[in-house]
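[1] sequence first, predicted model second:
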Amino acid sequence: MVVVTLQRKKCIGCNYCVEMAPSQFQMSRKDGKAVLLHSTEKKGFFTIKSSDESILDSCDMASKACPTKIISVRKV
């Protein structure tokens, strides 16, 4: 199980997450911030839990590329 979390409020819209993991992230046309696809929101944190471990590497690269460090990826 892979858990990916995004603190969307702190996003600066650099687009690195979309470049690294386009199947999990996209940029909002409304405000230019990242959107974690198929996520649920709780207190400003957007989270997906996936049994597809193939997303681990791309999401981890997105997390490391993020200049504001608002993406966390863990394997549980």
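    Arrived safely. Remember, predicted model here, so these are calculated numbers, not experimental data.

[2] wait, residue 39 touches residue 45, no?
    No - using CB atoms under 8 Å, residue 39 makes no contact with residue 45, being 9.0 Å away. (C-beta placed from N, C-alpha, C; glycine too.)

[3] name the residues contacting each of those two.
    Shared contacts of residue 39 and residue 45 (CB atoms under 8 Å, 6 or more residues apart in numbering): residue 6.

[4] which parts of this protein are strands?
    For the chain, the strands defined by DSSP state E cover 2-7, 25-27, 34-36, 40-42, 45-50, 71-75.

[5] distance to residue 18 and mean neighbour count for those - can I get that in CSV?
    What follows is those, written out as CSV (distance: least, CB to CB, whole Å; neighbours: other CB atoms under 10 Å):
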stretch, distance to residue 18, mean neighbour count
strand 2-7, 12, 20
strand 25-27, 5, 18
strand 34-36, 7, 23
strand 40-42, 19, 10
strand 45-50, 14, 16
strand 71-75, 11, 17
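
[6] same list, those strands, but as CSV with mean pLDDT and distance to residue 15 please.
    Output for these, formatted as CSV (pLDDT from 0 to 100; distance: least, CB to CB, whole Å):
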stretch, mean pLDDT, distance to residue 15
strand 2-7, 98, 14
strand 25-27, 98, 6
strand 34-36, 98, 8
strand 40-42, 97, 21
strand 45-50, 97, 17
strand 71-75, 97, 13
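
[7] contacting residues for residue 51?
    1, 2.

[8] residue 72: what's it in contact with?
    By CB under 8 Å, 6+ apart, the contact set of residue 72 is 3, 4, 5, 63.

[9] any idea how far it lies from residue 50?
    Relative to residue 50, residue 72 is positioned 14 Å away (CB to CB, to the nearest Å).

[10] try residue 76
    The gap separating residue 76 from residue 50 is 11 Å, by CB to CB.

[11] also residue 36?
    Distance, residue 36 to residue 50, using CB to CB: 11 Å.
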